Structure formats: C-alpha cells, structure tokens
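>>> Below: sequence and its predicted model.
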Amino acid sequence: MTETSPSVTRRLRGPATGLVVAGTALVLAAPVPAMAATAQADATAANPVSVLTYSAKERRDALAYWTPARIKAVGKSVDLGPTGPMAKPWQGTALKSVGRLFFVNARGSDTWCTATAVTSANKSAVMTAAHCVRRGSSPVNTNTTMVFVPGYAKGKAPHGAFAVRTVASPRTWEEESTNDVAALTVDANKDGRKLTDAVGGLPVSFNRPVGSTVSAFGYSATRPQRGEQLLRCTGRTKKEDGTQVIPCDMTGGSSGGPWLADFDAATGKGVLVSVNGSLDSMTPTKMYGEVLGATAKKVYDRAAQTPAKPSPKPKPGATPGATPGAAPGAEDSRRTAWERLIGSWWSKLV
C-alpha cells in the first residue's frame, strides 16, 4: 500500500520521492506506464474506486499490535536527517483531527503516514495518500494492521486508536500509480465514540481552483522530531504537470498529511484541498499533491458512506503486539537489484 517500484522519475516531472517511511526507508514513486491495456481502462471506467476491507479479527489484531512500545520503537528506527528550514514544528492549537496512520507495509515492515479525520455522513472517514495504503501499479501489494491515532503528540494518544475497516483508493492508483489519494473508514474507539464525535472533522473541498495559500502538515521522520511532533509548511499552491505544488521540505512519514486552505491558526480549522504526495528530490524544496477532482470525490464518497462499526473487542488472553508482522524497528532483509546497483547509501531510500 505504501511503496512503489523504485525509480528516480516522478511521472513526467523529473526526480521526486514518495513520503512513506518503511523501516528505515523512504519509498520512491513509480514511473507511470505510457498506456494501460484496453480491458484495464474499461474496468477503471466502470468502477473507478478500489476497496479493501479488513475483517473484525484483523482490526482487533491491529489494535493489539500497535502498543505504545511498538509506536515508540518505529519512530526510533528511522532517521531521515535534520528537519529542513521550511518545515516548522507546529506549536499552536492542537490539531485533534490530524494524526499518525500506523501500519505494516507490503514488505512486512512497521511504518507510518499522516492522515486526517474529515466531515462525513458516517462520522468515520479519514483522508490520506493512496501510497499509504497500497503499492501503486501492483494490485496484490496492500498494507495491513492499520490504525489511525488522531492528535498524536510525543508518545501521547489523547483520543485513542481507531482501527481501519475499509480503504478506498482510485483504481488508477492500483493499476497505473496515478491519483495518489485515499479515504479510509475507521471503527469507533474503545470507548465506543465515532471518530469525528471524538476529534471533530475538517471539510474537504473538491475542484477548488489552485492558487490559494495552504498549510501542509505531517509527521516527518526527520530529527529531532522523528514522527513524534507535527510539522508545518506554508505556501501558495501552483499548478505543475497536472498536480499542485508548494514549497516544503518535509520528508518520509509526512505522506498523506493535509493541505489546509483558509487555515485559522487560533482554532486549528481549515479546508482540506490536497494531501502530501511526493517530493521533487532527496533534498526537497517542493511538495506535490493531487488536485482533488471527480475521482477523489468518488473515493471520499465511498469511505464517507460506509456504515461505521464499534471497535472489535479483544479476545480473552490476547497478547498485545503479537500480530504477525515485523518486530519493532525491523528492516526488510531483501535487497533489490536497484539497491545493489546504486550502493548502500541509496539503499536506505528504497
């Protein structure tokens, strides 16, 4: 769900990287195929949204897996260098609706993204990036053991954890690595409260003209924060190669974080107009995000209309953290031909 095939080509605009942390890795975006098969295109047109559903057992296991100790360990296992000058620690009003999305990626490594609770009919919808939930151009490679922790800050989860029940993403992401946006439906927390009853939700704007000033937020794996504190970039959006871009140097872990227009620092409120998608280079100066159009609206609608359910109850005798998956901070032992070609330094980035 989070990684794609390694490449230094970001679609049509040159070098760039995805933002998901995987073990100690920053995953790169995949090149887009020049043409999809006719049958594949027909299927996408008929059903543009791909949906993953996790069973009650899988959701129960996810909640047991992500213990405070495991969350602390996954942050310590990653160091993507010093936080850049454009990304500033957010020290204003607590953003209760923004949080860390923890999961085990398709390689079996513990990792995280950033995600946002948004207003919805079911009070249970979350927006993030598609590469945070499944590997692009690879339908069978999906992430597991997913929980959303809104308002996360320095080891504290003041509103609890919400198990992810369904994931909606564009079928074009699954098949072609385009339209990097996803929407999740989560269960209620252990107290039985639905997500936006507990933390509120931010509105989402579709087909909004590019050109407004936004605040982008994310739990970057750069030091000293290393995912423990929310960072913020601010800038005016510009069109570039079919997406939008702002000046920003957040890196891995900030994927999926919200771009908030009309942001009020005093209240922490704004309108979500995109999510953190990818960077322009390994020493970033730009952050790219999708323009939320018709496909993104269908993805959101699918998550927002899925009925919410109570949090699965733990079974008697269940051992916290015992769900199959990588040990805290573990790295995938496999190495690709790309890594062998580029060398040990680059291998930390794929």
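Received the coordinates, thanks.
>>> which parts of stretch 70-83 are buried?
Buried residues in stretch 70-83, counted by 16 or more other CB atoms under 10 Å: R70, I71, V74, G75, S77, V78, L80, T83. C-beta coordinates here come from the backbone N, C-alpha and C atoms, glycine included.
>>> Just the C-alphas of that stretch, formatted as PDB.
These are the backbone C-alpha positions of stretch 70-83, laid out as PDB (Å, rounded to 0.1, in the frame of the first residue of the first chain):
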ATOM      1  CA  ARG A  70       6.000  -0.500  19.300                       C
ATOM      2  CA  ILE A  71       5.000   3.000  18.300                       C
ATOM      3  CA  LYS A  72       8.000   4.400  20.100                       C
ATOM      4  CA  ALA A  73      10.300   1.800  18.500                       C
ATOM      5  CA  VAL A  74       9.200   2.500  14.900                       C
ATOM      6  CA  GLY A  75      10.000   6.200  15.300                       C
ATOM      7  CA  LYS A  76      13.400   5.500  16.800                       C
ATOM      8  CA  SER A  77      14.200   3.100  13.900                       C
ATOM      9  CA  VAL A  78      14.100   5.900  11.300                       C
ATOM     10  CA  ASP A  79      16.400   8.900  10.900                       C
ATOM     11  CA  LEU A  80      16.000  10.800   7.600                       C
ATOM     12  CA  GLY A  81      18.400  13.600   8.600                       C
ATOM     13  CA  PRO A  82      17.800  17.000  10.100                       C
ATOM     14  CA  THR A  83      14.500  18.800   9.700                       C
END
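>>> Quick check: mean pLDDT of that stretch?
Stretch 70-83 shows a mean pLDDT of 95.
>>> any idea how far that stretch is from the chain center?
16 Å (CA atoms, centre = their mean, to the nearest Å).
>>> what do you get for stretch 63-75?
Offset of stretch 63-75 from its chain centre (CA atoms, centre = their mean): 17 Å.
>>> any weak-confidence spans in the stretch 201-350 of the chain?
Along the stretch 201-350 of the chain, segments meeting pLDDT under 70 span 308-309, 311-350.
>>> Can I get the buried residues of stretch 70-83 in TSV including secondary structure and distance to L272?
Formatted as TSV, the buried residues of stretch 70-83 follow (DSSP: H, G, I helix; E, B strand; the rest coil; distance: CB to CB, whole Å):
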residue	secondary structure	distance to L272
R70	helix	29
I71	helix	25
V74	helix	26
G75	helix	25
S77	coil	29
V78	coil	26
L80	coil	25
T83	coil	23
